[in-house]
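Engineer: Show me how the following folds:
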Amino acid sequence: MLAIIFLLVGAQFTLGQSTEARQTPAVAQGQEMPNWMRRGLPGPGHSALEPLLGDWRVEMSIHATFGRSPNEPPIVSTDLICRREWVSGGRYMEDITEGTAVGGRYWRKGWLG
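Structural biologist: Below is the predicted model of the structure:
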């Protein structure tokens, strides 16, 4: 119950703020957005990542010894699933890969952007 009260109070505070209070300082003063802020916005380079979105079956070869002879072929895992979606307002593509490798659970999380 206490959490709901805090949420409602927080929502009223946010809704009660003026538009100028929620804008970035540069925008509130009518100035152009600085380059360092503009570089963080999604742009044409992000569209090149669009084909990578979605769920993918992954085959991964691990070229490591894991106590084996370095002359042995790579360890191959074929049951990995990679899920990619936009996060942070389209600024980054989150990549979560799960499955098994080398007889154990494999999990990886990364970001492209």
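Engineer: Now do the buried residues in stretch 106-113.
Structural biologist: The neighbour-count criterion (16 or more other CB atoms under 10 Å) identifies residue 106 as the buried residues of stretch 106-113. (Each C-beta comes from the backbone N, C-alpha and C, glycine too.)
Engineer: tell me which element the closest residue to residue 58 other than its chain neighbours is part of?
Structural biologist: Residue nearest to residue 58 in three dimensions, not counting chain neighbours: residue 80, with 3.9 Å by CB to CB, 6 or more residues apart in numbering. Counting by DSSP states H and E, the element that carries residue 80 is strand 75-87.
Engineer: Packing partners of that strand?
Structural biologist: Strand 75-87 sits against strand 54-62, strand 92-101, strand 104-112, with contacts defined as 3 or more CB pairs under 8 Å, 6 or more residues apart in numbering; DSSP states H and E.
Engineer: which residues touch the first one?
Structural biologist: The one in question is strand 54-62. The contact list for strand 54-62, computed with CB atoms under 8 Å, 6 or more residues apart in numbering, reads 74-78, 80-84, 97, 99, 101-102, 106.
Engineer: partners of it in the sheet?
Structural biologist: strand 75-87 (antiparallel) (DSSP bridges).
Engineer: Can I get the strand it pairs with in CSV, CA atoms only?
Structural biologist: Below are the C-alpha coordinates for strand 75-87, written out as CSV (Å, rounded to 0.1, in the frame of the first residue of the first chain):
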residue,chain,number,x,y,z
ILE,A,75,34.3,-27.2,-29.9
VAL,A,76,31.0,-26.6,-31.7
SER,A,77,27.6,-25.7,-30.1
THR,A,78,24.5,-25.8,-32.3
ASP,A,79,21.7,-25.2,-29.8
LEU,A,80,22.2,-21.5,-29.1
ILE,A,81,19.4,-19.0,-29.5
CYS,A,82,20.2,-15.2,-29.8
ARG,A,83,17.4,-12.6,-29.2
ARG,A,84,18.0,-9.1,-30.3
GLU,A,85,15.8,-6.0,-29.7
TRP,A,86,16.2,-2.3,-29.5
VAL,A,87,16.7,-0.7,-26.0
